[in-house]
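Asker: need a structure here:
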Amino acid sequence: MTTTTTELTESSPADGAPAPGARPRKRSGGGGLGSYLLIRFLLIFPTIFILVTTVFFLMRSTGDPITAALGGRLPADQLAERIREAGYDRPLIAQYLSYLGDVLRGDFGTTLSDRRPVTQVLTTFGAATFELAVYALIVAFVVGIPLGMAAAYFRDKAPDAVLRVFAILCYATPVFFAGLLLKLVFAVWLDWLPVAGRASTGAEIQLQTLDHPTNIYLVDALQTGDGEIISDVLKHAVLPAVALGLLTAGIFLRLVRTNVIGTLGAGYVEAARSRGVGESRLLRKHAYRPALIPIITVIGLQIAVLLGGAVLTETTFEWKGLGFQLAQYLTARDFVAVQGIVAMLAVIVAVTNFIVDVIAALIDPRVRY
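Answerer: Predicted structure coming up:
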């Protein structure tokens with residue numbers, strides 16, 4: 001009986017060894033990019049569910065939102081009527097299931113203090129928080145990565161010690177305190193930058209008259225094509241971006257320093273060094289990119305830090321974003337608005353972490369396994 005070449009290739013001997021010339025088969029149990037991304041994507045939903053559920057029951061632990069917001073300001077009969085109309089007199093589990101159904105439809109309720117749909121609050125002020133977070137990340141990258149490489153280059157020398165202390169100060173200093181110091185120095189003493197706000201009054205009026213405003217002031221300013229408005233928007237963004245960005249820059253500095261030092265001691269770097277490659281070239285060509293991988297994986301966690309810091313930063317600089325509004329609604333005890341904003345921030349953090357996981361898996365194959 002004649003055996004074809006194809007049969008020899010696809011079959012294997014009885015002892016389990018691969019046939020001569022046969023192509024090795026892929027292991028079915030190994031991980032891959034597709035399965036890794038699918039698992040990470042599916043984890044978004046339980047994460048959001050747990051966070052939304054936790055926020056709901058924490059908000060209800062103080063009682064119903066109507067009583068919390070309006071108790072003492074309305075007669076007892078009107079307060080009871082408002083509670084009944086809102087459905088807060090029902091069993092807690094019925095309220096919870098109703099809330100989950102509304103959230104799945106994109107309905108986060110209506111604020112109690114100003115009677116606005118929470119989704120409108122999220123879309124109006126969310127763009128401002130997103131803009132501030134982008135500015136802060138830019139500051140973190142511009143400050144943290146070069147200084148981290150400099151600290152690795154001057155390892156265990158005076159510049160390294162100074163930079164490590166700087167990193168600790170950046171991370172340990174409260175955001176609101178850093179913001180107050182920056183305002184005192186650059187806005188009050190030197191009078192270089194505005195004290196607060198996202199733009200001057202005249203610029204805001206022109207930005208709000210655009211046909212299709214995005215509420216991202218830099219984008220809207222670019223639409224006007226007016227250099228003075230663009231400059232005004234950027235000047236207002238400097239201090240809050242630096243105050244919030246330095247918090248993350250300290251983490252980036254320490255991460256880059258640690259990973260660059262580790263990479264400079266790797267075998268392939270030692271081989272390049274033995275061939276006469278200079279230290280500065282080793283730093284730029286061989287140690288820079290591997291040191292960025294941990295930065296990418298940490299960005300997802302830092303988004304949560306930035307959103308948390310945005311509450312204090314926006315309040316300090318009167319930057320009217322979600323953090324600023326969240327502080328206002330907390331003061332008014334408007335728990336419906338607080339619940340909706342916190343739930344949306346939870347969704348943003350979960351989705352951002354998934355995007356970061358995708359980028360990390362594409363850059364570093366080791367992450368997939």
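Asker: please report phi then psi for residue 106.
Answerer: Here is the backbone geometry of residue 106 (degrees, to the nearest 10): phi 80, psi 20.
Asker: does it touch residue 119 like I think?
Answerer: Yes - using CB atoms under 8 Å, residue 106 is in contact with residue 119, at 6.5 Å. For every residue, glycine as well, the C-beta is placed using N, CA and C.
Asker: between these two, which one's more packed in?
Answerer: residue 119 (16 against 8; other CB atoms under 10 Å).
Asker: how much space separates the residue nearest to that one when sequence neighbours are not counted from residue 59?
Answerer: Spatial nearest neighbour of residue 119, chain neighbours left out: residue 108 (5.8 Å); criterion: CB to CB, 6 or more residues apart in numbering. To residue 59, residue 108 is 12 Å away according to CB to CB, to the nearest Å.
Asker: name the SS class of the residue nearest to residue 119, please.
Answerer: coil (DSSP: H, G, I helix; E, B strand; the rest coil).
Asker: that one - how many residues pack around it?
Answerer: For residue 108, the count of nearby residues is 22 (other CB under 10 Å).
Asker: now the strands for the stretch 151-300 of the chain?
Answerer: Counting by DSSP state E, counting those that start in this stretch, one finds no strands in the stretch 151-300 of the chain.
Asker: all the helices of the stretch 201-350 of the chain, residue numbers only.
Answerer: Using DSSP state H, counting those that start in this stretch, the helices of the stretch 201-350 of the chain run over residues 201-208, 217-224, 227-264, 267-274, 279-282, 288-317, 322-331, 335-363.
Asker: wait, what's in contact with the residue nearest to residue 119?
Answerer: Shown in contact with residue 108 (CB atoms under 8 Å, 6 or more residues apart in numbering): 102, 117-119, 122, 339-340, 343-344.
Asker: what's the PyMOL syntax to select whichever of these are buried?
Answerer: Here is the PyMOL command that selects the buried residues among those (16 or more other CB atoms under 10 Å):
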select buried, resi 118+119+122+339+340+343+344
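Asker: quick check, nearest of the contacts of residue 108 to residue 226?
Answerer: residue 122 (28.8 Å; CB to CB).
Asker: show me the contacts for the closest one.
Answerer: 108, 322, 340-341, 344.
Asker: of those, which pair is most distant in space?
Answerer: 108 and 322 (12.4 Å).
Asker: quick one: low-confidence ranges for the stretch 1-150 of the chain?
Answerer: Along the stretch 1-150 of the chain, segments meeting pLDDT under 70 span 1-31, 71-72.
Asker: at 80 what do you get?
Answerer: For the stretch 1-150 of the chain, the stretches with pLDDT under 80 are 1-34, 36, 61-76, 78-79, 86.
Asker: good, we can wrap up now.
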